[in-house]
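Asker: quick check, what structure comes out for this input:
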Amino acid sequence: EVQLVESGGGLVQAGGSLRLSCAASGFTFVHRAVGWIRQAPGKEREVVSCIDYTEGNTNYADSVKGRFTISRGNAKNTVYLQMNSLKPEDTAVYYCAADSFCNVVYAADYWGQGTQVTVSS
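Answerer: Purely as a prediction, here's the structure:
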């Protein structure tokens, strides 16, 4: 069974940091793209960041550039999202998703259950 499991969300004050993890089981990230997508109440989904797991190429939404960093974990089939200088507008449910390429990860075939990130002002 394919599973993507996110962890690391929580409540943090503005300016703080969190690190989200996405771990895959029954599935490999090799030759796939892994993205972090967030959805806040009343807002559209936003692809925050994406990484080509094999090549290591990354991209970021303008809203998080310079604050968030996506990376491959040392453990196999793990991807992290380091979030620094968090702002209240970063509050959302963050999902990990995987597909063939970053430009289709918005509608990926595989999704995790999501982890809540809440940033207080």
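Asker: just give the nearest non-adjacent residue to residue 28, would you?
Answerer: residue 77 (5.9 Å; C-beta to C-beta, 6 or more residues apart in numbering). Backbone N, C-alpha and C define where each C-beta goes, glycine included.
Asker: contact partners for the one you found?
Answerer: 23, 24, 25, 27, 28, 29, 30 (C-beta atoms under 8 Å, 6 or more residues apart in numbering).
Asker: what of residue 10?
Answerer: Residues in contact with residue 10, defined by C-beta under 8 Å, 6+ apart, are 18, 116, 117, 118.
Asker: same thing with residue 25?
Answerer: 1, 2, 3, 5, 77.
Asker: and the second one, how close does it get to residue 77?
Answerer: Meaning residue 2. 11 Å (C-beta to C-beta, to the nearest Å).
Asker: can you tell me how far residue 84 is from residue 60?
Answerer: Counting by C-beta to C-beta, the gap from residue 84 to residue 60 is 13 Å.
Asker: which one of these two has more residues nearby?
Answerer: residue 60 (17 against 14; other C-beta atoms under 10 Å).
Asker: which element is the residue most central in space within the chain on?
Answerer: In the chain, the centroid-proximal residue (C-alpha atoms, centre = their mean) is residue 36; its distance is 2.4 Å. With elements taken from DSSP states H and E, the one containing residue 36 is strand 33-39.
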